[in-house]
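Q: the following comprises the amino acid sequence and a computationally predicted model.
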Amino acid sequence: MNPLVKLRRDDGGATAVEYAFLLSLIALIIIGSVRLVGEETGKRICSPMDGLANAGVESVEGCP
């Protein structure tokens, strides 16, 4: 059998590369989701604090 054909049919090393690619893709999705949820949560927490600040109550540290 031709060595190039034999090399093409051997896919043992490709699985490690595929798993690494999938793992990095999943990690990027998780990081993006956590950042998005964190930003939205921060906005929802700071919005009522802005209303309290307009009413004369001191604002909470950490809200812009």
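A: On my side now, so go ahead.
Q: relative to Ile31, how far out is Lys43?
A: For Lys43, the distance to Ile31 (CB to CB, to the nearest Å) stands at 19 Å. (C-beta placed from N, C-alpha, C; glycine too.)
Q: next one: Thr15
A: 25 Å.
Q: go on, Ala20?
A: Per CB to CB, Ala20 is found 16 Å from Ile31.
Q: which of the helices and strands in this structure ranks last by mean pLDDT?
A: Sorting the helices and strands of the chain by mean pLDDT, DSSP states H and E puts helix 3-9 at the bottom, at a mean of 66.
Q: just checking, next helix/strand downstream of that helix?
A: Downstream of helix 3-9, the first helix or strand assigned by DSSP states H and E is helix 12-54.
Q: give the rounded mean pLDDT of that following helix.
A: Per-residue pLDDT over helix 12-54 has a mean of 83.
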